[in-house]
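K.L.:
Only the shape, not the letters, is given here:
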């Protein structure tokens, strides 16, 4: 795949902190560093996969990219327009062009509204369609996501998880956006349904020329769908590059461990040699110094706990934030 | 650790300040509330009226009067009644407190014991006849006006059946201090205790049952069963223990409100000279110093109860303790 | 392996002819609940009986329940009986109203003005029901407005409103209600050209309505807050839906459910509060009646003619019980998780 | 090695479930959740029960533990554990068995542990429920168990409340509790679903160690074929309340004889090798118990659907594998062949 | 806290008390009845016990046996209880200077309860104190004393120089008045005139008693709980008439129970006497079970409905007359407790009061006695007034029978064609509320109990122009009635009374009738006092002035 020179979406050193706890309770307010110094470029037509374990900040990043959350610091540019400081009102016209698909197909659909009403909502508020157009567009959308148009009068609770996710997708593409951030869209689904939805995402990308930021914790799904993959750990991107490179020749020890940990339905049933990480990700309210991974890293050295590794290019369209990358390219930097 | 406590205190003070301003405002918005004429007497000449108004400071601007009342209430602590002139407010409230405490404490013991029994039986037989019967009785308890229950109780125990063996032991209405005559104290309070407790037995029994039923749907009950624990242990140590979090916080708030004078109607009906009755009498006679004192007292208990409940909550529920 | 991903099967209620909205589903559930239906029937009967008060007064009790009748007499089993019966034995002190006759006239006896208690109870029921109903409306509307504004806008608005609610919350209900009643009953309310006289039912309605606002506004605020943070509101934001439209289309319908669940319970509570205030003679003003004022009248006659106090008390209990049962049913039908906590005496 | 253990103890049947049926009486009639489920668990083996949501796998585990408390439940069949039919035991006898002989761990250790007690207390409670131990001894044993489960600083961890521990440590504590009385059978109901991959790997490692360190058999309930592949000896695939297929893990995963197993395996995007342009997927969604089709329940979603599917297929055995599919009636199905037949049919 | 408690003062009847009042039977065996505890009870306390401030009949009864003035009402039952006798003074002084100067000689050897002797200085200080503590009647009763004007203006520096003069050597106190006052001795005989030690603080004493001279002293007082009286160790009987020794050792006055419960407590022997009126529905039961425990005595008081003559609809005289004709006083009497407990009345003065001349035009057969309402005439007047359909609000307080009377009045007004409603206000504010013209009260329920037996205490106080203060809470002329002609007659008659009480009384009767014709009120009835005592309480002694005399009853 050739990568166009101009990114559609550009995020530059984003920072985001949440306040947790209560003023009135022991411990007081704590700051949860959800994103620290995250930069990412998304080019038209590509699918960027964001992977990482829970709490690594991948969903926060997705929401910040769409300005559903305000960032504390950094800059977001969408189609050459700086959208960092825009108010929600100013963002409204832009919403037609950037959309989101949510993880939980149960909670992201208002249970009190009919499916048709839910999908038509963006069409109505953006006022680009007449009433009859809306009906026509609704049928068109239902067909795009492989649902029967008869379902439009029904309520979300009547549908299975996969069907609801299709409804969520139909709503997201209703205004023909060019960018969709999909926040773990398949992780709440059964395996057999998950494949359908992954296929649907890929079909739609082909048909509509969409660009995705695809958030997932399942490496195999990301491998299937993403052209580029960013691996996140504790609020930062540790490795970024073309999916095949990243997953087959991981440069960051964390990426390697993550891949190794994935249980595969290996027909032979052999137990592969695994790198099993010790412990669990530290709390984002109190992240480790230096390289945030150094507490669990099998190859960590003294330097790792003192110095924050910056995301740097490795040459093969790949960047890694590690003082001692795995595939030997580290030597070039030493 | 100090900062949250200070914040909490500041919040409590703010609430009490708000209430005192509201009460003060309500009082002075009432026509005929100007106590000068009442203090002066029924046939006072305008000069005497003016004298009284001046000597009591009623001719000063309202904020000044407010500050003076609060100063007398909290700093010099010699605020006196407008109606029973010379009667110091603080000792009167202090003296009524044991009455209210006696009433509320006894009622609380009854309602907690019976509500727990009722909730546990109902939850254990959920869907069955004992459950339905208890829940119905609980609802009846909630649906009865407490003053009416009190009146009917008086009718039965003081008049209609007073001369039968059932109620001949019931003494006249009123209050005898525990220190003076414990037997009398008990006898005079039993009927009010039950009257006050009826509502709360219903309320708490139903809430506890709902919580227990909810708890029984929790995963940890399944775990407890999987551990091979007995049903009784599961009920008491797991379901009840977790349900008590809500129960105790509810109890704290209600207890606080009742000690603060919320048992007003019960005290009026049974002629118990407690804080609620004091408040009611003060409100009726528009005795501002007493109103201020009793309302401050009562909001103090409510606010303190809120704080205590928060602490108890944290004590009962370690998840809250850790401020997430 | 097939690639066809069209998902044409609907699980569960696939056979349903027309899809039912959540409202219809809830109503259907409500009407399947036998206890709730029983409660509704009882309430309807009570309302009808109270509406029929003028007919009862005219044709059954044949008396004006608002006119004192201190010198009248009625014919019982052929004998003329004084309504206010003077003491004939002893010192000839005092006058006692007639007790229950268990006839059409003076069924529950007379009060100390010689008025027919049964007829007054029907009229009083009108007021009790009106007050508790409209006070509920006042509470729910105010609470919905305050709770929604605080929860949806957040920030400083929320802080101010939440503090205000805290203050009211810490103010024992009865103290606040009594304070307000004493002020307004002696004064009435004058706002610009509008005067609400002190004997107007609007006063107890407003007072009772206002004192319970914090109890409903707090949970509403919490609910709106969590709705505002819910995925579907976030989704709507993301779709570029304006805030007001989100409020109207996504948040209010959910809040409405909560309000519906609260309504019967609040009405039950308001009926008890109304009776308490009337019992303290700061609710409905005589000669107008409510069940509470009739209990108060009966309190004076408690030891001689207890029925005057007992009958309206029973009426309150039955109505409140029915409302509570209805409340349970409505909660089960509309939102099994809704919880309302209120302090009571 | 698992295979060795299996052959070393060919008849060491620990648990034998026969024709287990679970259904619930409801307003809309009887809902059948499990239909004629039969399986065995042998000593020291790991049996994985795999299936999607609603397949009845969790209900199977609850039925074995007799933890279905709903009064509307109807349970028939037999569950024989070490020769005793669990369904015929008195509640008291069953209670003595639970936790001591058969222990269970659950998907979400956060909600599965009582939030108001420390994990040490909860382990102690189980120890003291089944063994005559002093408080102190129970505590010591609890700490020891936590240590064995790889919990760092076990004494300190024992004093922690469930919410104070990370997901992985909670699950370790849960397992420690389950193993505290050295049960012969551990039922693990989706033990890793709530965990991150790196932590999941740790827990799976721990489960594998159990049979060597504790000699326990494990009945592992999961929806993840990867997990199945990693830890199990034998696999049972469930679909909509019935057994779709079962057999030794390499056989089932390597050569599925039920179209559902086949579809399930293919639906998972591969981590290695060629990426398919499109993921092979099973159309539709699993049916709800009330909407279960007549005959073979998989039939509406099955690409190999045929007339015979209108009646419910029994389990057909092929080698070590058994599948409830008419295609398996005459031996190992040849999927490519079958697919070709259907493609030809459509073209014609 | 009841209004009645407040207003309810005393009677100084010139006629004999009803035969029900037992004659005092002081016998030789009196000594056998000494001792014991007398248990009194009341629904609430009556405020401060400062004798210069308290203005309630409830505590005036207490002060009657604890305190003494220069003169006192006789402590006996019956007619002579209205006589003024010398108390701390050795004799009633003869008027000098045309009634403007009185010289009192102070009795020697009388001691306060703190052991100090009563001196002329104490008397002077007491009268200064009346002004310094803003005595309610400082401006209306004691303004006749020379120097009172200055004291009213600046109470703090009050000396009454030239008004009250002590002479230690002669042991006398001389009063100089600005004008003769026929009611001056009465004013001295009320507790306002009780002598307190000169060093008593010039502020409201509140709940702490001032040292006093009577046979009992208040040893503790808690308005929420009780008041305890014990014997005064320094008391020695100096005049059986003025302040006799008491029988019981201790008096325990409990506050709190409702009247219902007070009745029960007395029936059960837990209490001996209740201050409040028993609820009327309990009366038949009490009368049949305990006929000997009931004592009924007349009161000089009226229950009336003042009508505001300055605002609609009662600025129309026909409307006022219509109300008077329509009011069924028998019904009102029944509400109060029946004919044995109240007498219908149409006029300002109560029956038997000085100046009373029976007059009732508002009845079926107009004359001296009310017989039945005249609805026909009332309706005709109503029609003539043109006020049919006018809205009227009746203001009643929330104590005792007042709400019932209000309800009944509303019923009457509605029958006449008004659109009447009732407003019940807390008794504590109703009395001031109905006085203030700002509240636009049209008609209300009120009562008046005399302070001392002089017609002016009704006529001048309640219906003179001088008692009407628009916009003030203290405007006892509730009707706002001010007729210049009648006012002149009142003022003239006040002068006459100093010299010729009899002529004055005749004139008061005429003024009464004139006022009745103007109908500023609808008078309802004159109530009677019903005392319900325990079976053990004997020697019931009822002073028309201060009711049951606690020192004269015995319980053993």
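P.N.:
Sure, I can see it. Bear in mind that the values here come from a model prediction, so they are computed numbers and not experimental data.
K.L.:
Pop out the phi and psi values for residue B:165.
P.N.:
The phi and psi values for residue B:165, taken as degrees, to the nearest 10, are phi -60, psi -20.
K.L.:
scratch that, residue D:38
P.N.:
Dihedral pair for residue D:38: phi -130, psi 140, per degrees, to the nearest 10.
K.L.:
Ignoring the adjacent residues along the chain, who's closest to it?
P.N.:
Nearest residue to residue D:38, sequence neighbours excluded (C-beta to C-beta, 6 or more residues apart in numbering or on different chains): residue D:18, at 5.0 Å. Placement of C-beta: from N, CA and C, glycine included.
K.L.:
Partner strands of the helix or strand harbouring the one you found and their direction?
P.N.:
Using DSSP states H and E, residue D:18 sits in strand D:13-26. Looking at strand D:13-26 with DSSP bridges, its partner strands are strand D:29-42 (antiparallel), strand D:73-81 (antiparallel).
K.L.:
Let me see the ranges of the strands in the chain.
P.N.:
As the question left the chain open, I've gone with chain A. With DSSP state E applied, chain A shows strands at A:9-20, A:30-42, A:47-51, A:73-78, A:81-82, A:98-101, A:179-183, A:211-216, A:228-233, A:236-242, A:312-313, A:319-320, listed in chain order.
K.L.:
Chain C, not that one
P.N.:
For chain C, the strands defined by DSSP E occupy C:73-76, C:79-82, C:84-86, C:95-97, C:189-191, C:194-196.
K.L.:
For residue D:273, which of those strands is the nearest?
P.N.:
strand C:189-191 (80.0 Å; C-beta to C-beta).
K.L.:
Run through the stretch 1-150 of chain C and note the low-pLDDT ranges.
P.N.:
Residue ranges of the stretch 1-150 of chain C with pLDDT under 70: C:1-19, C:87-91.
K.L.:
excluding its backbone neighbours, what's nearest the closest residue to chain C within chain A?
P.N.:
Nearest to chain C in chain A, going by C-beta to the nearest C-beta, is residue A:95, at a distance of 3.1 Å. Computed as C-beta to C-beta, 6+ apart, the closest residue to residue A:95 that is not its neighbour in sequence is residue C:240, at 3.1 Å.
K.L.:
now swap in residue A:79 and tell me
P.N.:
Distances taken as C-beta to C-beta, 6+ apart place residue A:8 nearest to residue A:79, at 6.0 Å, with adjacent residues excluded.
K.L.:
confidence score at the residue nearest to residue A:95?
P.N.:
Per-residue pLDDT puts residue C:240 at 88.
K.L.:
Please report the distance of it from residue A:127.
P.N.:
Remark: distance between residue C:240 and residue A:127 (C-beta to C-beta, to the nearest Å) = 10 Å.
K.L.:
Compare neighbour counts for the two and give me the winner.
P.N.:
In terms of neighbours (other C-beta atoms under 10 Å in any protein chain shown), residue C:240 is the more surrounded of residue C:240 and residue A:127; the figures are 23 against 7.
K.L.:
give the contact list for that one.
P.N.:
Listed by C-beta atoms under 8 Å, 6 or more residues apart in numbering or on different chains, the contact set of residue C:240 reads A:91-96, A:122, A:125-126.
K.L.:
Count the neighbours of residue 65 for me.
P.N.:
Went with chain A since none was named. Neighbours of residue A:65 (other C-beta under 10 Å): 27.
K.L.:
not what I meant, chain E
P.N.:
By the measure other C-beta under 10 Å, the count of residues near residue E:65 is 24.
K.L.:
would you say it is within a strand?
P.N.:
No: using DSSP: H, G, I helix; E, B strand; the rest coil, the secondary structure at residue E:65 is helix, not a strand.
K.L.:
In this structure it contacts residue E:553, no?
P.N.:
No: counting by C-beta atoms under 8 Å, residue E:65 stays clear of residue E:553, with 10.8 Å between them.
K.L.:
what does the strand holding residue D:18 rub up against?
P.N.:
Strand D:13-26 is contacted from outside by D:30-43, D:56, D:59-60, D:63-64, D:68, D:70, D:72-82, D:102, D:184-185, D:217, D:219, using C-beta under 8 Å, 6+ apart.
K.L.:
Residue E:286 - how many residues pack around it?
P.N.:
The number of residues packed near residue E:286 is 23, by other C-beta under 10 Å.
K.L.:
Could you find the residue nearest the spatial middle of chain B?
P.N.:
Closest residue to the average C-alpha location of chain B: residue B:258 at 0.5 Å, with C-alpha atoms, centre = their mean.
K.L.:
List the residues that contact the nearest residue to that one once chain neighbours are set aside.
P.N.:
Nearest non-adjacent residue to residue B:258, counting by C-beta to C-beta, 6+ apart: residue B:104, 4.4 Å away. Contact analysis of residue B:104 by C-beta under 8 Å, 6+ apart lists B:196, B:255, B:258-259, B:263.
K.L.:
Could you list the contact residues of the stretch 51-200 of chain C toward chain D?
P.N.:
Within the stretch 51-200 of chain C, no position is adjacent to chain D by C-beta under 8 Å from any C-beta of the partner chain.
K.L.:
And the helices in the stretch 51-200 of chain C?
P.N.:
C:53-55, C:117-153, C:155-170, C:173-187 (DSSP state H, counting those that start in this stretch).
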